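J.: okay, sequence plus prediction incoming.
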Amino acid sequence: MLTLSSVFGGGKVGTKQTSAAVTPYIEYCQATQEADNVLILQKGDAYKFIDVKKNRFDGDLGRIPISFRKDAGVYRELGDQEVQQIEDEKFAL
């Protein structure tokens, strides 16, 4: 599973003018630091889900189970009963 620390931005190399000289610097930034929301599409054992890792607006975090409808070409949210049914079928002994 991916976490917030799994998502990084790139490093930036440049030069900085100081009073007497030009000095090189390396600036690293984390892509998630500036983001208002971080959503990660994850694949679990039984189904895919959207993992809300950061939500700056109202703070709600969590997982949204989803399935893909090939006929319509869209993802849709799975209901609690659908999730339970998928898990029962996947993990039935």
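T.: All right, it came through fine.
J.: any idea which helix or strand of the protein has the worst average confidence?
T.: Scoring the helices and strands of the chain by mean pLDDT, DSSP states H and E places strand 22-28 at the bottom, with a mean of 49.
J.: so which residues of this protein form helices?
T.: Counting by DSSP state H, the chain has helices at residues 31-34, 80-90.
J.: between those helices, which gets the lowest average pLDDT?
T.: For those, mean pLDDT drops lowest on helix 31-34, to a mean of 68.
J.: residues in contact with residue 78?
T.: 47, 65, 66, 67, 86 (C-beta atoms under 8 Å, 6 or more residues apart in numbering). For the C-beta atoms, the positions are set from N, CA and C on the backbone; glycine is no exception.
J.: how about the strands in this structure?
T.: Applying DSSP state E to the chain gives strands spanning 11-17, 22-28, 37-43, 48-55, 62-69, 74-77.
J.: which stretch in those strands has the least confidence?
T.: Averaged per stretch, pLDDT over the strands of the chain is lowest on strand 22-28, reaching a mean of 49.
J.: turn the helices of the chain into TSV, columns for distance to residue 2 and mean neighbour count.
T.: Shown next, in TSV, are the helices of the chain (distance: least, C-beta to C-beta, whole Å; neighbours: other C-beta atoms under 10 Å):
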stretch	distance to residue 2	mean neighbour count
helix 31-34	11	12
helix 80-90	20	12
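J.: for those helices, which one sits closest to residue 54?
T.: helix 31-34 (6.3 Å; C-beta to C-beta).
J.: hang on, the earlier thing: export the helices of the chain to TSV and tack on distance to residue 54?
T.: Converted to TSV, the helices of the chain look like this (distance: least, C-beta to C-beta, whole Å):
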stretch	distance to residue 54
helix 31-34	6
helix 80-90	23
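J.: could you export stretch 59-75 as PDB, CA atoms only?
T.: Output in PDB follows, covering the C-alpha atoms of stretch 59-75 (Å, rounded to 0.1, in the frame of the first residue of the first chain):
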ATOM      1  CA  GLY A  59     -10.200  16.800   7.300                       C
ATOM      2  CA  ASP A  60     -12.200  13.700   6.500                       C
ATOM      3  CA  LEU A  61      -9.900  10.800   5.600                       C
ATOM      4  CA  GLY A  62     -10.600   7.200   4.700                       C
ATOM      5  CA  ARG A  63     -11.200   4.700   2.000                       C
ATOM      6  CA  ILE A  64     -13.900   4.700  -0.700                       C
ATOM      7  CA  PRO A  65     -14.300   1.200  -2.200                       C
ATOM      8  CA  ILE A  66     -14.900   1.400  -6.000                       C
ATOM      9  CA  SER A  67     -15.500  -0.900  -9.000                       C
ATOM     10  CA  PHE A  68     -15.100  -0.200 -12.700                       C
ATOM     11  CA  ARG A  69     -18.000  -0.500 -15.100                       C
ATOM     12  CA  LYS A  70     -16.500  -1.500 -18.500                       C
ATOM     13  CA  ASP A  71     -19.800  -0.900 -20.400                       C
ATOM     14  CA  ALA A  72     -19.900   2.800 -19.200                       C
ATOM     15  CA  GLY A  73     -16.200   3.400 -18.800                       C
ATOM     16  CA  VAL A  74     -16.600   4.800 -15.300                       C
ATOM     17  CA  TYR A  75     -15.700   3.900 -11.700                       C
END
